[in-house]
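[1] Have a look; sequence and predicted model below, questions after that.
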Amino acid sequence: MREATLADAVFVRGLVSQDSWSRNIGPVQMASLNDAQAYVRTRLIERYAEQGFGLWLICHRPDDRPIGMAGLVSRPVLPGPDLGFALLDDQAGQGYAFEASQAVLEVARMRFGLDELYAVVKPDNAPSIRLLRRLGFAMQQSGTRIGDTDLAVYHRPLP
């Protein structure tokens, strides 16, 4: 995994433009490369600087090609950072999200000293819920409103 740069705008535009992103995370209006660069700047790069963490690109090891994002997100409605992840549709189901999420859990504990993490998910997103459970998360509450969406909140201690 690595931090995103403005050079990754085309990849990020493709990722967030997928139907699966809109359905499971929320629609993003990104009509142009300039929109994609602004998204990378404000939603990724600036958060690294402000918070010390954010969503990092998941890169395929043999060729360093980005295939998704995973990392830590800070939301005012949660008492601590939450785990986020997304993959290109053609990369889903191959274990990449699990591997990247395990790395994020380790970084959260070792680098940032966090003792717990949260995750938010739409209640009908069965693949993400299975992954969260596999990672040791348990549902804490349902019906948490973030934006205009009701989400389930999952929690995991980081021993």
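    That came through fine. Residues are numbered from 1 along each chain as shown.

[2] How confident is the prediction for T144, by pLDDT?
    Note for T144: predicted pLDDT of 78.

[3] any idea where the helices of this structure begin and end?
    Assigned by DSSP state H, the chain shows helices spanning 9-16, 19-24, 33-39, 46-51, 96-110, 126-134.

[4] and the most centrally placed residue in the chain, what does it touch?
    In the chain, the centroid-proximal residue (Cα atoms, centre = their mean) is G84; its distance is 2.5 Å. Shown in contact with G84 (Cβ atoms under 8 Å, 6 or more residues apart in numbering): 55, 69-73, 119. For glycine as for every other residue, the C-beta is placed from the backbone atoms N, C-alpha and C.

[5] Then R41?
    Neighbour list for R41: L6 [criterion: Cβ under 8 Å, 6+ apart].

[6] switch the cut-off to 10 Å
    Residues counted as contacts of R41 (Cβ atoms under 10 Å, 6 or more residues apart in numbering) are 4-6, 9.

[7] Pull out the buried residues from the lowest-mean-pLDDT helix or strand in the chain.
    Across the helices and strands of the chain, mean pLDDT, DSSP states H and E gives its lowest value to strand 138-146, namely a mean of 84. The neighbour-count check on strand 138-146 (16 or more other Cβ atoms under 10 Å) flags T144 as buried.

[8] and the angle from that strand to helix 126-134?
    Relative orientation of strand 138-146 versus helix 126-134 (axes from the mean of the first three to the mean of the last three Cα atoms, to 10 degrees): 130 degrees.

[9] Contact partners for H60?
    66-68, 91, 96.

[10] what's the closest of these to A31?
    P66 (21.0 Å; Cβ to Cβ).

[11] count of neighbours near the closest one?
    21 (other Cβ atoms under 10 Å).

[12] circling back: with the contacts of G84 in mind, which one is nearest to L44?
    Scanning the contacts of G84 for proximity to L44, where the rule is Cβ to Cβ, the winner is L55, at 5.9 Å.

[13] Bridged to that closest one, which residues?
    Bridge pairing for L55 (DSSP bridges) gives the partners G71.
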